[in-house]
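1. Here is a sequence together with a model predicted from it:
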Amino acid sequence: QVQLVESGGGLVQPGGSLRLSCAASGSIFRLYAMGWYRQAPGKSREWVATIDSGGDSTNYAGSVRGRFTISRDNAKNTVYLEMNSLKPEDTAVYYCNRVASTTAREALLNYWGQGTQVTVSS
């Protein structure tokens, strides 16, 4: 079973930046497309971004396109989410998961890591 550990969240002012990390266990991490998701208080979990197994193709939700960048380092079994120009509406717990492809939005694993809290507030 692949283990997912998210980190890098915190409190940041509007307009600020954060870099999230998702460390995954397993030697075949490099074979999987991966995605980031978030869940704001009182709302359903939503898809944010995906990246293919080689890191060459990415896809973003409209609300974050141009501000967020997803990347990965297969040597470290880690996927990243660089978040810039953060807004209060980006406040949420952020999670990562496997996806079928960069065009897919549905998470493949039926479990989640603990997530990492991002709070954007002045």
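-> Here it is on my side, so go on.
2. ok, what's across the strand from the residue most central in space within the chain?
-> Note on the chain: the residue nearest the mean C-alpha position is residue 36, at 2.6 Å, using Cα atoms, centre = their mean. Taking DSSP bridges as the rule, residue 36 bridges to residue 49, residue 96.
3. if I pick it, what's in contact with it?
-> 20, 22, 47, 48, 49, 50, 70, 79, 81, 94, 95, 96 (Cβ atoms under 8 Å, 6 or more residues apart in numbering). No exception for glycine: its C-beta is placed from N, CA and C like everyone else's.
4. Please report how far it lies from residue 6.
-> 9 Å (Cβ to Cβ, to the nearest Å).
5. which residues do these two both contact?
-> Both residue 36 and residue 6 are contacted by 20, 22, 94, 95, 96, under the criterion Cβ under 8 Å, 6+ apart.
6. what about the last one, neighbour count?
-> If I follow you right, that is residue 96. Number of residues near residue 96 (other Cβ atoms under 10 Å) recorded here: 30.
7. Now do stretch 13-23: everything it contacts.
-> 4-10, 12, 34, 36, 76-88, 94, 96, 113, 116, 118, 120-122.
8. any weak-confidence spans in the protein?
-> 27 (pLDDT under 70).
9. any idea where the strands of it begin and end?
-> Taking DSSP state E to define them, one finds strands in the chain at 4-7, 10-12, 18-24, 33-39, 46-51, 58-60, 68-73, 78-83, 92-99, 116-120.
10. and the angle from the longest one to strand 33-39?
-> Translated: strand 92-99. Strand 92-99 runs at 150 degrees relative to strand 33-39, counting by axes from the mean of the first three to the mean of the last three Cα atoms, to 10 degrees.
11. List of residues touching strand 92-99?
-> The contact list for strand 92-99 (Cβ under 8 Å, 6+ apart) reads 2, 4, 6, 9, 20, 22, 24, 32-41, 43, 45, 48, 50, 79, 81, 105-109, 112-113, 115-118.
12. before we move on, the earlier item: quick check: the residue nearest to the centre of the chain vs residue 58, distance?
-> Distance from residue 36 to residue 58, by Cβ to Cβ: 11 Å.
13. Need the residues touching each of these two.
-> With Cβ under 8 Å, 6+ apart as the test, residue 36 and residue 58 both reach 49, 50, 70.
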